[in-house]
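# Compute the structure for the input listed below.
(2 chains)
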Amino acid sequence: MAAKEPDLIQLLLQEFSQQTKFMGAKAGNEYYLEVSKEALPEVSSYLVKHLRASLATMIGNDERSINGSFRLYYYFAVEYEEIFIVLTSAINPVEPAFPSITPLVPSAQWYEREVQDMFGLKPVGHPDPRRLVLHHDWPQGTHPLRKDFNLDSLEKLPSSDYPFGEIDGTGPFYVPVGPIHAGIIEPGHFRFSVAGETILNLEARLFYAHRGVEKLAEGGSLEAGLNLAERVCGTCAFSHSVSFCQAIERAANVQIPERALFVRTILLEMERLYNHIGDVGNICAGVGLALGTSHGNRIKEAILQLNQDLTGSRFLRGINAMGGLKKDISDQQLAALKTKLEQLAGDFTDLAEILLEHDSLIQRLRGTGRLSLVAVEDLGVVGPSARASGCIKDWRKVFPHGVYGQLEFEVAGETSGDVLARLKVRVNEVKTSFDLIFQLVSQIPAGAIVQPVGELVPYQAALGWSESARGNNLHWVMIGPGNNIFRYRIRSASYCNWPAVPLAVQGDIIPDFPLINKSFELCYACTDR
Amino acid sequence: MNTVLTAVLQVILLLVLAPLVTGVIKKIKAHLQCRMGAGIFQVYYDIGKHMKKETVIANSASWIYIVSPYLVFSTLITATMLLPVITKAPLSFTGNIFVLIYLLALGRVMMTLAALESGSAFGGMGSSREVSLAALAEPSLILALVALAISGGSTNLSTIMANLALQGIGLLNPSHFLAIAALLIVIIAEVGRIPVDNPDTHLELTMIHEGMLLEYSGKGLALMIWDASIKQLLMLTLFVNLFLPWGMALAGGWLRVLIALLLYLLKILILSAVLALIESSYAKMRLFKVPGLLATSLALAFLTILSQLILRGAGK
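The predicted model follows:
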């Protein structure tokens, strides 16, 4: 794409001429900078503080078979330039440690803990170096994402106590909740420190649903990788498959047909619709307002059935292909979709009107679970949760994928950061989604639906992304020999947002926690993978 | 006709009918929410199912945990005997509204103690919430009943209801409605329904009454579920018979008893529908706002007593 690198890169290279080396652009807009590991914190912090970049994802990779070392990739998104700056640093296996950037860039906290668990690379100076992904029944020194990890020789240890944070004083009580809950939800352990009903501190311990998806993909074909991507979680299946396909298409430098892009965009919006409408209903369930819950479920179910009619899968699995689509959706189907959605849009508008004028509901939502803009920016919160706190970023606008670049729409945003704001953002996004689908259906061109992706050069890598109902889902794929996957890294939106929940509940009361949690509506499965 | 026999029959009626009322409320709620809902006999099936299941008891639990369901059950039966349902109460010759209130309080104390026994965090949270709300709900209940007792000229429930019925249409004066409004609020709190508590929730952190039952299983759970529905019907009966006391068979033969029974069922059905409607159209209140609601009930009961004293003064 751009022949000359942006001024930004020049500026960075001048500032850190000793420690950095420009490695060229990959996949069009990924600018690689080789950085010595000692300089990582300094350069990262410069990127965030002076160039207003934000950490999008971080990837650890065992490249000992290629070049004899481990490698870290820090992906910084520079939204105003629509580029990524990738700080990459080789870690010598003799000394598997690197200086943590978390003290300067807090949003790196989980990434670095995960790299420590999965690769045995120690982030020196990390403020919270406890285990994250691997629970304590994993023996010390086992790092599953190392290439020489052997599952058969693994010995399972009896589970031991996890060192939870402590609160001093005589008043506070600990309330442990989960991982098994009274309702049918995903597993997560929540440790509340409370004084009476007021929450002083909350620690969430997750990763009970770790299935080793990234490891499973390694060495498998790209097609198998796509199948895995679609099954990372139930509610963002399509967004994950789009992100995966995009990563492959970007690595292969394939332009996919216009019609396929339109269909993908329509389906991304369908996924957003059923999620958001279901979530609006679920927020009502958090306060026992059955009216909102049942109508939310009714409309959500209608949309899931439309998904089934369009693609054969309620959760939109099995239609995406690398390079386009596996099957087309006919114009008659799209016309029928439009008619049905027009009716559902009317139903939802009525529901939203009732809910937003319902005093007893609004009283519960206003001021509950406030998340500050500072916390959002520090932790790198994404999606509706960020937009409700005044961080109005939507990757449909800032990094347009599909055909979002050609469409007209407003990004919803609120500033109060409470449950009510998150509800309003969703309500407005639902309205936008209906409108976008109507635009797409009327503009969709005829033509081919797939552009085959050929054999890829080994050790090529690229990032793919899409904005799901929870925020951007980022997939990074490195191709290995034989057109197989060498390394697959999934960073879901929920992964970024989980650390924000404990901050949002501080000072609220315990019975309001389910409501606050529902207003974030985070997924455990794609966080854990 | 045998008054003792009808009196005993009405106690049995109340015990047997109680799960059905819970089922009916659930069914009406389901219809209001565009759902099919479970059948109206579902609560009986649930109780039957739990009766057959194994009972698991926490290591930390003492005799209180095992005895509580039975004790709560017996306080409720005794309370039922003090309550005129379709005719005079079997124990109407002894005991009054205060005995009724203290029997309910005894049941509550046993239940909150039992919930602490298992050592689970949810039982403790349920108990602490139940007790702090009860500290506000009980005075409201006492005051509302005292207001009606002044109007009825006695503290004996059978006599109150008979005297209220004798006042004819004149009973429906502003002070009566004030008392009834006070009673309705406190009854919603006592039976654990929205906006105070949500009986259908699976969110363990928001539970009050359900939180106390979380660790129960088998027969204990079956009995606790039955207890809850008996208490609910008891409160509803208290409400309808004080609000609209006409039609009770305070004297007379089988035909009057039959008419009284039909009228009673109709009144309970209407009140159930009202509760289901309230429950479907409101969100649960924030826990710390519930005291405000109960304080409203208390204030209404106060106003009733004041207005009665003033009205009586004006009449002289």
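# From now on I want contacts and neighbour counts done on CA atoms only, so please keep to that.
OK.
# Within the helices and strands, which one has A:Pro123?
Here A:Pro123 sits within strand A:122-124, counting by DSSP states H and E.
# Quick one: mean pLDDT for the helix or strand that comes right after that strand?
Once the chain leaves strand A:122-124, the next helix or strand it forms, by DSSP H and E, is strand A:173-177. Averaged across strand A:173-177, pLDDT comes to 83.
# Find the residue ranges of the stretch 401-529 of chain A scoring beneath the pLDDT cut-off.
Judged against pLDDT under 70, the stretch 401-529 of chain A has no low-scoring part.
# quick one: the closest residue to chain B within it from B:Asn198, how far?
Taking C-alpha to the nearest C-alpha as the measure, the stretch 401-529 of chain A has A:Pro511 as its residue closest to chain B, at 4.2 Å. Applying C-alpha to C-alpha, to the nearest Å, the value for A:Pro511 to B:Asn198 is 12 Å.
# what's the overlap in contacts for those two?
Counting by C-alpha atoms under 8 Å, 6 or more residues apart in numbering or on different chains, the shared contacts of A:Pro511 and B:Asn198 are B:Met207.
# can you give me the helices for chain B?
B:3-32, B:42-52, B:63-81, B:97-117, B:121-152, B:157-166, B:174-190, B:209-213, B:218-243, B:254-281, B:290-315 (DSSP state H).
# now the fifth one: how far from the chain's centre is it?
I take that to be helix B:121-152. 11 Å (C-alpha atoms, centre = their mean, to the nearest Å).
# got it, and the second one?
Taking C-alpha atoms, centre = their mean, one finds helix B:42-52 lying 21 Å from the centre of the chain it belongs to.
# what about that helix, average pLDDT?
94.
# gap between A:Leu361 and chain B?
A:Leu361 is 5 Å from chain B, where distance means C-alpha to the nearest C-alpha, to the nearest Å.
# can you pull the contacts of that residue?
A:Cys284, A:Val287, A:Leu289, A:Leu355, B:Tyr282, B:Ala283.
# so it, which of the three states?
Of the three states, A:Leu361 takes helix according to DSSP: H, G, I helix; E, B strand; the rest coil.
# Next up, the contacts around B:Leu275.
Taking C-alpha under 8 Å, 6+ apart as the test, what B:Leu275 contacts is B:Ile25, B:Ile188.
# Sorry, wrong one. I was asking about B:Lys27.
B:Met36, B:Gly37, B:Ala38, B:Gly39, B:Ile40.
# Pull the most distant pair out of those.
B:Met36 and B:Ile40 (11.1 Å; C-alpha to C-alpha).
# Compare these two and say which is more crowded by neighbours.
Shown here are B:Met36 and B:Ile40; by other C-alpha atoms under 10 Å in any protein chain shown, B:Ile40 has more neighbours (17 against 12).
# quick one: contacts for the residue of the stretch 101-250 of chain B found nearest chain A?
Per C-alpha to the nearest C-alpha, B:Thr206 is where the stretch 101-250 of chain B lies closest to chain A, at 4.2 Å. Residues in contact with B:Thr206 (C-alpha under 8 Å, 6+ apart) are A:Ile510, A:Pro511, A:Asp512, A:Pro514.
# Just confirm the first one contacts A:Thr198, I think it does.
If I follow you right, that is A:Ile510. Yes - counting by C-alpha atoms under 8 Å, A:Ile510 sits close enough to A:Thr198 to count as a contact (6.3 Å).
# got the residues of chain B near chain A?
B:32-35, B:121, B:194, B:198, B:201-207, B:279-287 (C-alpha under 8 Å from any C-alpha of the partner chain).
# If we ignore the residues flanking it in sequence, what's nearest whichever residue of the stretch 201-350 of chain A sits closest to chain B?
In the stretch 201-350 of chain A, the residue that lies nearest chain B is A:Leu289 (4.4 Å; C-alpha to the nearest C-alpha). Leaving aside its sequence neighbours, A:Leu289 sits nearest to B:Ala283 (C-alpha to C-alpha, 6 or more residues apart in numbering or on different chains; 4.4 Å).
# same check, this time on B:Lys53
B:Gly218 (4.7 Å).
# The one you found and B:Asp46, how far apart?
Distance from B:Gly218 to B:Asp46, by C-alpha to C-alpha: 11 Å.
# So which of those two has more stuff around it?
Applying other C-alpha under 10 Å to B:Gly218 and B:Asp46 shows that B:Gly218 carries more neighbours, namely 18 against 15.
# residues in contact with that one?
B:His50, B:Met51, B:Lys52, B:Lys53, B:Glu54, B:Thr55, B:Val56.
# related to what we said a few turns ago, just confirm the residue of the stretch 401-529 of chain A closest to chain B contacts B:Leu287, I think it does.
Yes - A:Pro511 is within contact range of B:Leu287, at 7.2 Å (criterion: C-alpha under 8 Å).
# Among those two, which residue is more densely surrounded?
Ranked by neighbour count (other C-alpha under 10 Å), A:Pro511 and B:Leu287 place A:Pro511 first, with 23 against 20.
# Find me the pLDDT at the closest residue to the more buried one other than its chain neighbours, would you?
Excluding the flanking residues, the one nearest A:Pro511 by C-alpha to C-alpha, 6+ apart is B:Thr206, at 4.2 Å. Predicted confidence (pLDDT) for B:Thr206: 84.
# hey, what's A:Tyr74 bridged with?
Beta-bridge partners recorded for A:Tyr74 (DSSP bridges): A:Met58, A:Leu87.
# Roughly how far does it sit from A:Leu463?
12 Å.
# got any ranges where chain A has weak pLDDT?
If you take pLDDT under 70 as the line, chain A has these spans: A:1-4, A:158-160, A:167, A:169-170.
# what's the domain layout of it?
A:7-124, A:213-320+A:332-528 (automatic domain parsing).
# between these, which gets nearest to B:Gly23?
domain A:213-320+A:332-528 (16.9 Å).
# Start and end of that closest one, how far apart?
9 Å.
# Stretch A:490-504 too?
End to end - C-alpha to C-alpha - stretch A:490-504 spans 25 Å.
# Would you mind pulling the contact partners of it?
Under C-alpha under 8 Å, 6+ apart, the answer for stretch A:490-504 is A:57, A:107, A:201-204, A:214, A:369-371, A:375-376, A:379-383, A:385, A:468, A:470-476, A:516-517, A:520, A:522-524, A:526-527, A:529.
# One more: stretch A:517-529?
A:133, A:186-188, A:206-214, A:232-233, A:279, A:282-283, A:286, A:385, A:419, A:422-423, A:470, A:490-495, A:497-498, A:501.
# Quick one: end-to-end length of that stretch, please.
For stretch A:517-529, the end-to-end distance is 20 Å (C-alpha to C-alpha).
# Enumerate the positions of it that are buried.
Neighbour-count burial for stretch A:517-529, counted by 16 or more other C-alpha atoms under 10 Å in any protein chain shown, picks out A:517-529.
# and these, which two are the farthest apart?
Farthest apart among these - using C-alpha to C-alpha - are A:Ser519 and A:Arg529, which lie 22.1 Å from each other.
# Now do the contacts for B:Leu106.
Contacts of B:Leu106 by C-alpha under 8 Å, 6+ apart are B:Val72, B:Thr75.
# No further questions, thank you.
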